[in-house]
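Engineer: the following comprises the amino acid sequence and a computationally predicted model.
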Amino acid sequence: MGNGAKAAQKRERNAKDTKVAKSQLKSNVKAMDIQCQICKSTFLKTTRAPQLTEHAVNKHSKTLPECFPGYEAAPAK
């Protein structure tokens with residue numbers, strides 16, 4: 001057996017161990033559960049109040065509760 005056969009066997013063994021890369025796009029779409037009531041823009045559930053307030057003020061000249069009435073800040077750990 002030459003070195004070419006050894007290399008081919010090693011590639012074959014390593015090919016079995018490789019994992020298929022998975023896309024997070026579908027899970028990110030599911031996580032978009034904060035929605036602006038005025039423009040219907042969606043935000044990830046991890047979005048913090050300052051970013052939502054910035055959106056409300058800059059886009060609509062409104063306050064956070066007017067654009068996101070159901071939003072509750074996550075408790076600090």
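Structural biologist: Okay, I see it.
Engineer: thought residue 36 was touching residue 69?
Structural biologist: No: the pair residue 36 / residue 69 is not scored as a contact, 10.3 Å apart, by Cβ atoms under 8 Å. Just so you know, the C-beta spots here come from the backbone N, C-alpha and C atoms, and that holds for glycine as well.
Engineer: more neighbours: which of those two?
Structural biologist: residue 36 (19 against 8; other Cβ atoms under 10 Å).
Engineer: let me see the ranges of the helices in this protein.
Structural biologist: 3-17, 25-30, 49-60, 64-67 (DSSP state H).
Engineer: of those helices, which stretch is the most buried?
Structural biologist: Compared across these, helix 64-67 shows the largest average neighbour count, a mean of 16 (mean count of other Cβ atoms under 10 Å).
Engineer: the one residue sitting closest to the centre of the chain: what's it in contact with?
Structural biologist: In the chain, the residue lying closest to the centroid (Cα atoms, centre = their mean) is residue 28, at 3.7 Å. Residue 28 makes contact with residue 44 under the criterion Cβ atoms under 8 Å, 6 or more residues apart in numbering.
Engineer: same check on the one 3 residues further on?
Structural biologist: For residue 31, the residues meeting the contact criterion (Cβ under 8 Å, 6+ apart) are 44-46.
Engineer: isn't residue 39 up against residue 62?
Structural biologist: No: here residue 39 lies out of contact with residue 62, judged by Cβ under 8 Å, at a distance of 10.6 Å.
Engineer: neighbours of the residue nearest to residue 49 when sequence neighbours are not counted, how many?
Structural biologist: Among residues not flanking residue 49 along the chain, residue 73 sits closest, at 5.2 Å (Cβ to Cβ, 6 or more residues apart in numbering). Around residue 73 sit 9 other residues, with neighbours defined as other Cβ under 10 Å.
Engineer: any chance of the helices of the chain in a markdown table, plus mean pLDDT?
Structural biologist: Below are those laid out as a markdown table (pLDDT from 0 to 100):
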| stretch | mean pLDDT |
| --- | --- |
| helix 3-17 | 82 |
| helix 25-30 | 80 |
| helix 49-60 | 91 |
| helix 64-67 | 89 |
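Engineer: state the number of residues packed around residue 41.
Structural biologist: 13.
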